[in-house]
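> I'd like to go over a predicted model; first the sequence, then the structure.
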Number of protein chains: 2
Amino acid sequence: MKVQIHISLKPGVLDPQGRAIHHSLEGLGFTGVNDVRAGRLIELDVADGMSDGQLDEMCQKLLANMVIENYRIEKLENA
Amino acid sequence: MKVQIHISLKPGVLDPQGRAIHHSLEGLGFTGVNDVRAGRLIELDVADGMSDGQLDEMCQKLLANMVIENYRIEKLENA
């Protein structure tokens, strides 16, 4: 089973990487971009019997920094 | 309009970050994880009139390294 973990910074947390990307996009001449936030995407290939609780525990213990980051677990069908 | 860009390494490209995460998960006692791939997630807040072509161009020129990475653009409804 393929699982995607979307990790993004909590609102209000400064995001220098996102600001740098935003600045570069403007430098390249792209207009109409209001905001950019950078995050991480972790793709797991796990056993089919893996429970939601175990996935949550992985995120909270290792994958995300719960002080400044939110995570969202998305299970991919047919993958 | 909120747009999420999912950037992941192409198959076959070595992913030391993913391997390190995999190793750490096993060290923490999580079993049933077959593979881990690390990628990036970039959230853009763009003007409603932004075309798909412009988003593609941003990805190809700046956001993704087309030699080793794939990208997928996801527009979020009601966001």
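Okay, I see it. Numbering: from 1, shown residues only, chains lettered A, B, ... in the order given.
> every contact and neighbour count from this point should use C-alpha atoms.
Noted.
> average pLDDT across whichever strand in chain A runs longest?
With residue count as the measure and DSSP state E as the assignment, chain A has strand A:33-46 as its longest strand. Across strand A:33-46, the average pLDDT comes to 97.
> so the lengthiest helix in chain A versus strand A:33-46, what angle?
Among the elements of type helix in chain A, defined by DSSP state H, the one spanning the most residues is helix A:16-27. With axes from the mean of the first three to the mean of the last three Cα atoms, to 10 degrees as the basis, helix A:16-27 and strand A:33-46 are set at 130 degrees to each other.
> dump helix A:16-27 to CSV, keeping only the CA atoms.
Extracted C-alpha coordinates of helix A:16-27, given in CSV (Å, rounded to 0.1, in the frame of the first residue of the first chain):
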residue,chain,number,x,y,z
PRO,A,16,12.5,31.4,4.7
GLN,A,17,12.6,28.7,2.0
GLY,A,18,9.2,29.6,0.8
ARG,A,19,10.1,33.3,0.7
ALA,A,20,13.2,32.5,-1.3
ILE,A,21,11.2,30.6,-3.8
HIS,A,22,8.6,33.4,-4.0
HIS,A,23,11.4,35.9,-4.6
SER,A,24,13.0,33.8,-7.3
LEU,A,25,9.6,33.3,-9.1
GLU,A,26,9.2,37.1,-9.2
GLY,A,27,12.8,37.5,-10.4
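> against which helices or strands is it packed?
Helix A:16-27 sits against strand A:33-46, with contacts defined as 3 or more Cα pairs under 8 Å, 6 or more residues apart in numbering or on different chains; DSSP states H and E.
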